[in-house]
Each structure stands twice: as C-alpha cells, then as structure tokens.
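Engineer: Would you be able to build a 3D model of this:
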Amino acid sequence: MATMRIGSRPVGPDEPPLVIAEVGINHEGDIRKALRMVEDAAAVGCECIKFQSHVVDDEMIPNDVIPGNAKESIWDIIARCVLSEDEERELKAAVEGSGMIYLCTPFSRAAALRLERIGVEAYKIGSGECNNYPLVSLIASFGKPVILSTGMNDLTSIEPAVAILRQAAVPFALLQCTSMYPTPYEKVRLGALPALRERFPDAVIGLSDHSHGNYTCFGATALGASILEKHYTSDKSWPGPDIPISIDPAELRELIVGSRAIHAAMGGTKDILPEEQPTIDFAYASVVAIGDIRAGDRLGKDNIWVKRPGTGEILAKHFESLVGRVAVRPVARDTQLRWDDIEGGSAASTTR
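Structural biologist: Presented below is the predicted three-dimensional model:
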C-alpha cells in the first residue's frame, strides 16, 4: 500500500487519517479571521490546516461567471479574498508555530512560485487544476509531495496528471471529490476510493468532502482513506460562499477523534482474543446436572443442561456428545460435569 510523508508526518494505511482543515477563502481576505481559525484548529488537536493562494490577474481574466454556491462572479469573490505574500508568510509561521502542517493550494503559476518562495513542505492541487497539466508539471518540478483532488475528472483525465507526478518522482495522493456545494450524500461516491486505489496503486488515497457533516468522512475512513479534507470555519455565522458546507471547531475535533477511532478499529481477524477470557469465564455456558445423577444413569436432556458460568470442564459445545452416555459416579444437582464423570472419558473419545 502506498505511503508518503509530509514533513515529519507519515501518511498512509498504517497511520490514522490526516485530517486537513480547509480554510480556503473563508477568511474573506481578513488576516485576523485567518489567524483565529489557525488558533481554533490547533486548540482542538488539528494536525494540518490549508489555505488558498490567489494571484488574481495570473489566475484568470476578468469575467462574470457566477459559481453555483455564490451570487457574485468568481472574479469579484477572489479579488475580495486574496491575501498578500507577506500575509501568507505570517499564516505559515502561525500554523507551524502551533505545531501544525501548513498547506496551501496555488491556483496559478504566480501563486505556485510564491509558495515555493515561502518554503512550503508539500502542495495541494485543487480539482479544477487536476487537468491543468502545465500547472501540475510546474508544481511537480519542485520535487515536493503533492495532494491532488480529482473532482470534475474521471480516471482517464486523472491519468496524465499522475504520469506527470510519477515522472517527477514525487510522492502523491489522490483525493476523491465531488465538486458540488453541498454534495448530496448519494453523489459523494465513496465507491471511487477503491477504484482509484486499483487504478493508481502507488497513490495514497483520500477524500475531499463537500457534504454536510462528518458522516461520509467516517465512511471513507472505514474504506481505507488516509487523508480527509473538509472546509472549516471558526464561526458559521461569518459570510462566505463555502461557509454553509464548513465544519466548525467542535465538528473538526469530532472528525479527528472519530476517524482515529475508526482507523484503530480496522483490520484484525476473527479469532478469540486473550483479553476476552474474563468475559468467557462468565458468559460461556458449561454442562451441569439439573437433577441429582446416580452412577449408571444415562445422560439426557432430563438430567443435564447448559448453564453459566463457562468455568466448567465441559462446555455447551459438547452437550450433544454427552446425550445417551452413562455417568460413572454420582453428580449432584447444579454441579458442572467433568469428563471423568462420564463413561469413555475425555472429549477426544466422543463420537459426535
């Protein structure tokens, strides 16, 4: 199974999922809000927080295209929400000073070069840039780990981006994503996780989720997702197009704790654990006399049955093998039977 490392954090099937709190543009261009979200994420035990880097005139031409989750053009939204390079440096310092991993998504060549100047440890590439192969090539040339979201792309259009990452020999992850805001549960398509793993066995697999709540991330964890990304805000009353699909600090904490619990519960085989023995002792049933048995009596359901605890020598699983056999000594009522109470002795001598 594929693994990668972002800074000192190993990411892969043997590790609890890396939860990425995606601030994106939820700060609305206000560095104070951004820093508040950093502080709140750190307080609930978050390991990784992610922002977006926008250099508007290098990213897009002026336009009036309105996203489905907004009421103004994407140009106006991004122009309002940009942070300067100095502000992004300040955020990175705050994130790393809190012991978290700083990630940022560049949406243009200028933004990618800015992040490289800042010295990020890894790159997140958004779904809209999955088939922006020139930008993928530039980012791959930096030689750092890449997390690539795959919304609005199928396996065929993901393949060239993966080829670029492989050619650059950079560790990479692929995140299943549906670019709907919010994503209805039936459109999340957790079934894409095994499909991505089968098609790209050298990729770490995860989920970038836009549905409400943490349910689908928990499901993805059970399916082996090693990265979970959710939009995040400190305050759901703040304005912003992504706020309605964002989780708050309490939900972020729930996602971190819950995904770790699910990961810890995965694996194993259906064997009896040594730690179950104290429960076995009281929960199993043993064969007991339900009436006084005399030497020479034939055993049957009128004089033996199964009762707790499971501390007897003959357990319930052997009951049927005793029916019809003969007692060789008296056994008092409510006494657990022993093999030497029975003609023929031990379980190995039974014919049933």
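
Engineer: dump the residue contacts of residue 119.
Structural biologist: residue 92 (CB atoms under 8 Å, 6 or more residues apart in numbering). Backbone N, C-alpha and C define where each C-beta goes, glycine included.

Engineer: Next one: it from residue 79, what distance?
Structural biologist: Distance of residue 119 to residue 79, given as CB to CB, to the nearest Å: 26 Å.

Engineer: tell me which element residue 52 is part of?
Structural biologist: strand 48-53 (DSSP states H and E).

Engineer: Restricting to C-alpha, output the helix or strand just after that strand in CSV.
Structural biologist: Where DSSP H and E defines the elements, the next helix or strand beyond strand 48-53 is helix 56-59. Only the C-alpha atoms of helix 56-59 are listed here, as CSV (Å, rounded to 0.1, in the frame of the first residue of the first chain):
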residue,chain,number,x,y,z
VAL,A,56,-5.9,37.1,-9.5
ASP,A,57,-4.6,38.5,-12.7
ASP,A,58,-2.3,35.5,-13.2
GLU,A,59,-5.2,33.1,-12.4
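
Engineer: Give me the packing partners of helix 56-59, helices and strands only.
Structural biologist: helix 74-81, helix 109-118 (3 or more CB pairs under 8 Å, 6 or more residues apart in numbering; DSSP states H and E).

Engineer: mean pLDDT for those: which is lowest?
Structural biologist: Among these, helix 74-81 has the lowest mean pLDDT, at a mean of 95.

Engineer: in this protein, which spans are helices?
Structural biologist: Per DSSP state H, the chain carries helices over the ranges 31-43, 56-59, 74-81, 85-97, 109-118, 133-140, 155-167, 192-199, 215-222, 249-265, 277-283, 319-322.

Engineer: hmm, back to that, tilt between the strand holding residue 52 and helix 31-43?
Structural biologist: Orientation check (axes from the mean of the first three to the mean of the last three CA atoms, to 10 degrees): strand 48-53 against helix 31-43 gives 160 degrees.

Engineer: Which strands and helices lie in contact with strand 48-53?
Structural biologist: Checking 3+ CB pairs under 8 Å, 6+ apart, strand 48-53 ends up next to strand 18-24, helix 31-43, helix 85-97, strand 101-106, helix 109-118.

Engineer: at 6 Å what do you get?
Structural biologist: Judged by 3 or more CB pairs under 6 Å, 6 or more residues apart in numbering; DSSP states H and E, strand 48-53 is in contact with strand 18-24, strand 101-106, helix 109-118.

Engineer: I'd like those as TSV, with distance to residue 185 and mean neighbour count appended.
Structural biologist: Output for those, formatted as TSV (distance: least, CB to CB, whole Å; neighbours: other CB atoms under 10 Å):
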stretch	distance to residue 185	mean neighbour count
strand 18-24	19	26
strand 101-106	25	24
helix 109-118	33	19
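
Engineer: Of all those, which one comes closest to residue 227?
Structural biologist: strand 18-24 (5.0 Å; CB to CB).

Engineer: which other residues reach that closest one?
Structural biologist: 11, 37, 41, 46, 48-52, 227-229, 231-232, 242, 252, 255-256 (CB atoms under 6 Å, 6 or more residues apart in numbering).

Engineer: mind running it again at 7 Å?
Structural biologist: Applying CB atoms under 7 Å, 6 or more residues apart in numbering, the contact partners of strand 18-24 are 9, 11, 34, 37, 41, 46-52, 103, 226-232, 242, 252, 255-256, 259.

Engineer: Now do residue 352, the pLDDT please.
Structural biologist: For residue 352, the model assigns a pLDDT of 35.

Engineer: brain fart, residue 64
Structural biologist: pLDDT, read off for residue 64, is 93.

Engineer: any idea how far residue 321 is from it?
Structural biologist: Counting by CB to CB, the gap from residue 64 to residue 321 is 83 Å.

Engineer: Give me the buried subset of the contacts of strand 18-24.
Structural biologist: 11, 34, 37, 41, 46-52, 103, 226-232, 242, 252, 255-256, 259 (16 or more other CB atoms under 10 Å).

Engineer: how many other residues sit next to the closest residue to residue 323 other than its chain neighbours?
Structural biologist: Of all residues not flanking residue 323 in the chain, residue 300 sits nearest, at 5.6 Å (CB to CB, 6 or more residues apart in numbering). Residue 300: 11 surrounding residues under other CB atoms under 10 Å.

Engineer: ok, now residue 208?
Structural biologist: 27.

Engineer: before we move on, what about the one 5 residues further on?
Structural biologist: Taking other CB under 10 Å as the criterion, the count of residues near residue 213 is 16.

Engineer: One more: residue 290?
Structural biologist: Residue 290 has 15 nearby residues by other CB under 10 Å.

Engineer: Do you know the pLDDT at it?
Structural biologist: At residue 290, the model reports a pLDDT of 98.

Engineer: which residues does it contact?
Structural biologist: The neighbourhood of residue 290, defined by CB under 7 Å, 6+ apart, consists of 303-305, 333.
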